[in-house]
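In: quick one, structure for this:
(2 chains)
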There are 2 protein chains.
Amino acid sequence: MTRVLFDLCGIDEGLRFSPYCWRVKYALAHKGLEAEMRPWRFSDKQALAFADYDKVPVLTDGNEVITDSYDILRYLDRTYPEAPLFGDALAQSRAHFIRHYAERSLAPAMMRTIVMDLFNAVHPDDRDYFRETREKRFGRTLEEFHSPAKGLAQLDAALEPLRGCLSASDFIDGDAPAAADYLVFGNFMWARCVSSADLVSNADPVYGWLERMLDQYQGLGRNALRITDVEGAYR
Amino acid sequence: MTRVLFDLCGIDEGLRFSPYCWRVKYALAHKGLEAEMRPWRFSDKQALAFADYDKVPVLTDGNEVITDSYDILRYLDRTYPEAPLFGDALAQSRAHFIRHYAERSLAPAMMRTIVMDLFNAVHPDDRDYFRETREKRFGRTLEEFHSPAKGLAQLDAALEPLRGCLSASDFIDGDAPAAADYLVFGNFMWARCVSSADLVSNADPVYGWLERMLDQYQGLGRNALRITDVEGAYR
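Out: Okay, here's the model as predicted:
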């Protein structure tokens, strides 16, 4: 079986920072499934034409082509039901809420903090595309949007539910991580790969969870290349 | 069987605004269980001495005494497994996250908006207690803490995950409400009972959910007494 995950890469082909791809990489590891992690760049739209999609993650699994990180996780549960990611119908609905928490509360706060790091981490050929699409989304220039002070204050507020939850259990999903942990942790891998910003203090209950998540699956996250490992990455 | 829920009341004995008690009232209705809703005030500590607890909700069910809204919901699922509130282990862990979202993201934003309404709604005999405990918690006077402008801005940001989730499904828990909906909705009943503030615009995806929740169980929420129904409630 050929299983391929198209995975965003940056200035170095080994620098893989897409939060959505990280969700899938952790979900594959959760299921014990191997896949080729094929590097992809924003400007490689042609490489995804077969999937009728223009973003990653895209997963091919034998003859199946699945797009969108959330749909890929659901596909994995349907196709490989051992070691469930989602659980029953109520668990699935609540994971959907937590997905939106990651995308609408955490991600914008982090983006505000790391956007210039991110711009620096994307491949030079991708920077015009990145600037154009993000400036359109933010309604201002990257430089105007960039504000670590505002971003960190926003993140501090957004982390509150996570703090409450992780004061009582090791993982969002209880004693072991599952879909909710991966949906949220993808954002932290995104920031970790492109930036050296300290987003969470070591006095925060979230910190211990980040450490545990980095260690999962033989250090899947901890061993990932970071921008600080790339020689000459800072212009 | 005698089932009694000790339920916070305010300036009028019919004014029942505790967000935690509202969770339980919806959960009882979800299970089709009857209970006497016994009015209680902050200063009635003696009335809860039998439960070794000083806050509501307290539920007595035959010989069982259960305190804390979350524990009461779990007790109801254990004792009356029909019409589950929580679901499987993953669903339960995610409900725990959503509980913290309600308590740590939504509640502080709402509190900032409605605290003076709340002060006005509590029974006159309870006001000294309310002021003292809340001022200690906020580290400033109620009047200094009160800021609808700041509270509404905070609430607007905090509503984001709920908006995402409710754009795709009728309830947080899918096609029908369950524990996650009640955990969050309790906060909105709290604000609705004591205040006429518009917390959510009718253009917001959250608005439709609020309307659906108010209508559940023969209008359990919609028919609840509000401060605006109490004659002479505004000094």
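
In: tell me the contacts of the nearest residue to A:Pro177 once chain neighbours are set aside?
Out: Leaving aside its chain neighbours, A:Pro177 sits nearest to A:Phe171 (4.5 Å; criterion: C-beta to C-beta, 6 or more residues apart in numbering or on different chains). No exception for glycine: its C-beta is placed from N, CA and C like everyone else's. For A:Phe171, the contacting residues are A:177-178, A:181, A:209, A:212-213, B:93, by C-beta atoms under 8 Å, 6 or more residues apart in numbering or on different chains.

In: A:Val230 now?
Out: Contacts of A:Val230 by C-beta under 8 Å, 6+ apart are A:11-12, A:15.

In: just the CA trace of stretch A:103-112, in CSV.
Out: Below are the C-alpha coordinates for stretch A:103-112, written out as CSV (Å, rounded to 0.1, in the frame of the first residue of the first chain):
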residue,chain,number,x,y,z
GLU,A,103,-8.9,27.4,14.7
ARG,A,104,-10.8,30.5,15.9
SER,A,105,-9.4,31.2,19.4
LEU,A,106,-5.8,29.9,19.5
ALA,A,107,-4.7,30.2,15.9
PRO,A,108,-5.5,33.9,15.5
ALA,A,109,-3.8,34.8,18.7
MET,A,110,-0.7,32.8,17.7
MET,A,111,-0.8,34.2,14.2
ARG,A,112,-0.6,37.7,15.5
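
In: now do the strands in chain A.
Out: In chain A, the strands defined using DSSP state E lie at A:3-8, A:36-40, A:58-61, A:64-67.

In: residues contacting the first one, please?
Out: In this structure, residues lying in contact with strand A:3-8 by C-beta under 8 Å, 6+ apart are A:16-18, A:21, A:24-25, A:28, A:33-42, A:47-48, A:56-62.

In: ok, now the third one?
Out: Contact with strand A:58-61 is made by A:1-6, A:24, A:35, A:48, A:51, A:65-67, A:72, A:75, A:79, as judged by C-beta under 8 Å, 6+ apart.

In: ok so, going back, buried members of the contacts of A:Phe171 into ChimeraX, please.
Out: Typed into ChimeraX, the line below selects the buried ones among the contacts of A:Phe171, using 16 or more other C-beta atoms under 10 Å in any protein chain shown:
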select /A:177,178,181,209,213 /B:93
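
In: quick one: which of the contacts of A:Phe171 is nearest B:Tyr234?
Out: B:Tyr234 lies nearest to B:Ser93 out of these, by C-beta to C-beta, at 43.3 Å.

In: you'd agree that closest one is up against A:Asp173?
Out: Yes: between B:Ser93 and A:Asp173 there is a contact at 4.9 Å, judged by C-beta atoms under 8 Å.

In: between those two, which contacts overlap?
Out: A:Ala180.

In: which ones are touching the residue lying closest to A:Arg134 once chain neighbours are set aside?
Out: Distances taken as C-beta to C-beta, 6+ apart put A:Leu142 closest to A:Arg134, at 6.2 Å, once the chain neighbours are dropped. Applying C-beta under 8 Å, 6+ apart, we find A:Leu142 in contact with A:115-116, A:119, A:131, A:134-135.
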